[in-house]
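Q: with the input below, show me the fold.
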Amino acid sequence: MENLFTLWRSWYEGDVPHFHRYRVYNGQKRVLCRRASLGMAKKVCEDWANLLMNEKVHIRLDGEEEQRFLNRVLEENNFRLQANRMQERKAALGTAAYVPRICGDRICIDCIDAEGIFPLSWENGEITECAFAAESWEGGEHFIILQIHHVENGEYVIEHMLFVEEDGNLTRLPNSLSEALRGVPERLPTGRSERSFVIDRMNSVNNLDAGSPMGLAAFANAIDQLRGVDVAYDSYVNEFILGKKRIMVKPEATKDFDGEPLFDADDLAFYILPEDSDSGSIIREIDMSLRTKEHHQGLQDMLNMLGVKCGFGERYYRFESGGLKTATEVISENSSLYRSVRRHELMLEAALKELARLLLRMGKDFLRLELDEKVPIHIDFDDSIIEDTGSDFERDCRMLQLGVLEKEEFRKRWVHGRHETEAMAS
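A: Predicted coordinates for the structure are as follows:
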């Protein structure tokens, strides 16, 4: 999986060795070239992050005290921003983890991507024991905080270790040297049989390493399509570079009768031919036609294939003008997007519920708060992305006016079901 992480990260960064830098033989030597890139791997990850975790997603608890506690912990950790970023990193590397830990009288949540997750034990793809490496910068020093979650006698024990990185090597340090671990015991028995970490993955079967519990990047099976997009885009860019208009001028046409220059020496449109040139005309224009239509269609075809492979459906990425599409048009043209979003929401919903319940449990066990860890938890996703909520609201208003829909039912759908959720989350 580490080799795959390296490959996926290079595409996410938009700089793949031996692809975006390559050599072309021009008849005399091999010239180093830099392939232009649309950076679609990062765009795919950004779009999945915005589809799955945006400002309209809320974690709703049935208990008022539990809701206030959860809101406070999430706000203290700037979780809404961090969660969106981690959804992007999850789409880039396949897996993300949320690891809460006690920081004095509050709970800190470490958000870790796949390169900091080291599974130790797993069964049926479910990680049961794991080590997590999180970075911490304090006083100009780069620390690595290592947490090891393992089971002893049926209960989880968490070990905390501190390392400093020097010249690529790690040296163990006392935990007291880090503000993040100050007061945290090196060995912390949880007294619980439930794990104290949350693993979140893209909901795709790992066909590249079937025995691994780690997930796949959103574009893991679309590497060839990413190559195709950048090849088409690079060719499009070079079409304008190589097709630039030139005017060939013989030396005798560069000066007037008094010997004064007729053309600006810094003007790149003119090319002065050698003295012995017998090209015919004294001034000859070279104006190559650009194959923009062919490149436009080729690039759109590549984007269509990329969209299908990444779960967005055909023509999600449109290399054309025409303005924005309405939600109804998006849904009708992207039924595969609807199914993809729902599929990935299943995994994310389970992860968010597990995180909320874990935070309640930690608040009860370590902060000694009166919290009900078994309170029902609901995840409200942003259905406006895949459902035309504006049209639904207008339809229900008309039904209310016609007497087909009762006021209580309307209030339940649009007041209690939505506004109260937003109010509780705020």
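Q: every contact and neighbour count from this point should use C-alpha atoms.
A: Will do.
Q: where do the strands sit along the stretch 101-250 of the chain?
A: Assigned by DSSP state E, counting those that start in this stretch, the strands in the stretch 101-250 of the chain fall at 106-113, 117-123, 126-138, 141-152, 155-166, 169-173, 187-189, 198-201, 246-249.
Q: check which helices and strands the fourth one sits against.
A: For strand 141-152, the contact count by 3 or more C-alpha pairs under 8 Å, 6 or more residues apart in numbering; DSSP states H and E identifies strand 126-138, strand 155-166 as packing neighbours.
Q: the shortest one vs strand 169-173, what angle?
A: Compare the direction of strand 155-166 with that of strand 169-173 by axes from the mean of the first three to the mean of the last three C-alpha atoms, to 10 degrees and you get 120 degrees.
Q: mind listing what's buried along strand 155-166?
A: Neighbour-count burial for strand 155-166, with 16 or more other C-alpha atoms under 10 Å as criterion, is recorded at 156-164.
Q: repeat that for stretch 120-135.
A: Result for stretch 120-135 [16+ other C-alpha under 10 Å]: buried residues 127-134.
Q: try stretch 6-17
A: Buried, per 16+ other C-alpha under 10 Å, within stretch 6-17: 7-9, 11-12, 14-16.
Q: H58 is in contact with I377, isn't it?
A: No - using C-alpha atoms under 8 Å, H58 is not in contact with I377, being 10.5 Å away.
Q: can you show me the CA trace of stretch 97-104 as CSV?
A: Taking Å, rounded to 0.1, in the frame of the first residue of the first chain, the C-alpha atoms of stretch 97-104 are listed here in CSV:
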residue,chain,number,x,y,z
ALA,A,97,-8.7,8.4,10.9
TYR,A,98,-10.1,10.5,13.7
VAL,A,99,-8.3,9.9,17.0
PRO,A,100,-9.5,11.8,20.0
ARG,A,101,-7.3,12.2,23.1
ILE,A,102,-7.5,14.0,26.4
CYS,A,103,-5.7,17.4,26.5
GLY,A,104,-6.1,18.6,30.1
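Q: residues making contact with it?
A: 107-114, 117, 180-181, 183-184, 196-200, 355, 359, 366 (C-alpha atoms under 8 Å, 6 or more residues apart in numbering).
Q: what do you get for stretch 24-35?
A: For stretch 24-35, using C-alpha under 8 Å, 6+ apart, the contacting residues are 19-23, 230-231, 234.
Q: let's have these in a markdown table, adding pLDDT, distance to R85 and neighbour count.
A: Listed next are the contacts of stretch 24-35 as a markdown table, based on pLDDT from 0 to 100; distance: C-alpha to C-alpha, whole Å; neighbours: other C-alpha atoms under 10 Å:
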| residue | pLDDT | distance to R85 | neighbour count |
| --- | --- | --- | --- |
| F19 | 91 | 27 | 14 |
| H20 | 91 | 26 | 19 |
| R21 | 89 | 29 | 13 |
| Y22 | 84 | 32 | 13 |
| R23 | 86 | 36 | 14 |
| D230 | 94 | 25 | 23 |
| V231 | 93 | 29 | 20 |
| D234 | 90 | 29 | 18 |
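Q: output the below-cut-off pLDDT ranges for the chain.
A: In the predicted model of the chain, residues 26-28, 243-288, 319-334, 383-391, 416-426 satisfy pLDDT under 70.
Q: which residues does the residue most central in space within it contact?
A: Residue closest to the mean C-alpha point of the chain, counted by C-alpha atoms, centre = their mean, is E88 at 2.0 Å. Residues counted as contacts of E88 (C-alpha under 8 Å, 6+ apart) are 45-46, 48-49.
Q: number of residues surrounding L208?
A: Other residues near L208 number 13, with proximity taken as other C-alpha atoms under 10 Å.
Q: cool, the one 4 residues further on as well?
A: S212 is flanked by 16 other residues according to other C-alpha under 10 Å.
Q: from memory it sits against N124, does it?
A: No - if you go by C-alpha under 8 Å, S212 and N124 don't touch, sitting 9.8 Å apart.
Q: ranges for the strands of the stretch 251-400 of the chain?
A: Under DSSP E, counting those that start in this stretch, the stretch 251-400 of the chain gives strands at 270-272, 283-286, 377-380.
Q: L299 reaches S235, doesn't it?
A: No - using C-alpha under 8 Å, L299 makes no contact with S235, being 9.6 Å away.
Q: and those two? Which one has more around it.
A: Neighbour totals were compared for L299 and S235, and L299 leads with 22 against 16 (other C-alpha under 10 Å).
Q: the more buried one and P376, how far apart?
A: 48 Å (C-alpha to C-alpha, to the nearest Å).
Q: the biggest helix by length in the chain vs strand 106-113, what angle?
A: Across the chain, the longest stretch assigned as helix under DSSP state H is helix 335-365. Put simply, helix 335-365 runs at 150 degrees to strand 106-113, going by the same axes, to 10 degrees.
Q: ok, so of the buried residues of stretch 120-135, who is nearest N221?
A: I127 (23.4 Å; C-alpha to C-alpha).
Q: wait, what's in contact with that closest one?
A: 119-121, 199, 213.
Q: go on, V184?
A: Neighbours of V184 in contact, by C-alpha under 8 Å, 6+ apart: 102-103, 160, 175.
Q: show me which of those residues are buried.
A: Buried members of the contacts of V184, scored by 16+ other C-alpha under 10 Å, are 102, 160, 175.
Q: got those as TSV, with distance to R395 columns?
A: Converted to TSV, the buried ones among the contacts of V184 look like this (distance: C-alpha to C-alpha, whole Å):
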residue	distance to R395
I102	49
H160	56
N175	60
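Q: name the nearest of these relative to L346.
A: Nearest to L346 among these, with distances taken as C-alpha to C-alpha, is I102, at 28.6 Å.
Q: so which of the contacts of stretch 24-35 is the closest to N54?
A: D230 (28.7 Å).
Q: quick check: chain neighbours aside, which residue is closest to that closest one?
A: Of all residues not flanking D230 in the chain, S37 sits nearest, at 5.0 Å (C-alpha to C-alpha, 6 or more residues apart in numbering).
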